[in-house]
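Enquirer: Predicted model and sequence below, questions to follow.
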Amino acid sequence: MEPATPPGLTPSRRRFLSRLSFVLSGFIGAVATVPVIGFLLSPLTRKQPRVWRAVGPVDRFTIGETVNVVFEDASPLPWAGVTARTAAWLRRDGSDKFTAFTVHCTHLGCPVRWVADAQLFLCPCHGGVYYSDGTVSAGPPPRTLPQYPVRVHNGQVEILTSPIPIV
């Protein structure tokens with residue numbers, strides 16, 4: 001037997017609680033979704049930081065030689081520590097002309113190394129090979145090595161840093 005309930009009282013309470021749970025669930029879903037959407041769309045509105053970083057005096061670099069230079073990332077996080085440092089391959093082409101390549105392969109971002117005897121950049125992970133001008137010679141890399149803008153300012157060689165340019 002079913003318990004005796006006053007007619008009309010239970011269905012309206014049940015309907016009210018059902019609607020209340022739907023409204024609260026929708027509100028909670030909206031509150032949880034807004035920050036996620038903001039996080040996903042923020043890269044579209046945020047300007048990438050670009051900072052000139054000194055990598056050494058001009059006379060430190062020999063004409064025709066490619067060397068690895070280390071500098072601080074353009075947008076380091078306060079807790080990044082040593083990981084805030086990045087590098088580039090810098091070549092002195094003339095008395096005041098320099099070329100800087102990223103150390104990250106355009107295939108998957110692995111670090112490339114310079115082999116001076118062969119005049120090639122090699123990616124040891126997947127066999128990517130780049131000529132000395134950064135163009136692809138062999139392997140899976142889809143694009144040339146990205147270059148950083150370089151200038152000479154007050155006797156110092158400076159690189160215009162940006163987030164890691166692998167895409």
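Expert: Perfect, thanks for sending it.
Enquirer: which stretches of this protein form strands?
Expert: Applying DSSP state E to the chain gives strands spanning 51-57, 66-72, 85-92, 98-102, 113-115, 120-123, 128-131, 136-138, 147-148, 150-153, 156-161.
Enquirer: In CSV, list these along with mean neighbour count.
Expert: All C-beta spots, glycine's among them, are computed from the backbone N, C-alpha and C. Listed next are these as CSV, based on neighbours: other CB atoms under 10 Å:
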stretch, mean neighbour count
strand 51-57, 16
strand 66-72, 16
strand 85-92, 20
strand 98-102, 22
strand 113-115, 15
strand 120-123, 21
strand 128-131, 20
strand 136-138, 14
strand 147-148, 19
strand 150-153, 14
strand 156-161, 20
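Enquirer: Reformat those strands into JSON lines and put distance to residue 36 next to each item.
Expert: Formatted as JSON lines, the strands of the chain follow (distance: least, CB to CB, whole Å):
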{"stretch": "strand 51-57", "distance to residue 36": "30"}
{"stretch": "strand 66-72", "distance to residue 36": "31"}
{"stretch": "strand 85-92", "distance to residue 36": "29"}
{"stretch": "strand 98-102", "distance to residue 36": "31"}
{"stretch": "strand 113-115", "distance to residue 36": "40"}
{"stretch": "strand 120-123", "distance to residue 36": "35"}
{"stretch": "strand 128-131", "distance to residue 36": "35"}
{"stretch": "strand 136-138", "distance to residue 36": "38"}
{"stretch": "strand 147-148", "distance to residue 36": "34"}
{"stretch": "strand 150-153", "distance to residue 36": "40"}
{"stretch": "strand 156-161", "distance to residue 36": "30"}
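Enquirer: Now tabulate the ones you listed in TSV and tack on mean pLDDT.
Expert: Listed next are these as TSV, based on pLDDT from 0 to 100:
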stretch	mean pLDDT
strand 51-57	88
strand 66-72	89
strand 85-92	89
strand 98-102	92
strand 113-115	91
strand 120-123	91
strand 128-131	91
strand 136-138	89
strand 147-148	89
strand 150-153	92
strand 156-161	89
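Enquirer: Looking at these, which is nearest to residue 23?
Expert: Proximity to residue 23 (CB to CB) singles out strand 51-57 among the strands of the chain, at 48.9 Å.
Enquirer: Report all helices and strands that the closest one contacts.
Expert: strand 66-72, strand 150-153, strand 156-161 (3 or more CB pairs under 8 Å, 6 or more residues apart in numbering; DSSP states H and E).
Enquirer: for the last one, the distance to its chain's centre please.
Expert: Relative to the centre of its chain, strand 156-161 is centred 19 Å away, using CA atoms, centre = their mean, to the nearest Å.
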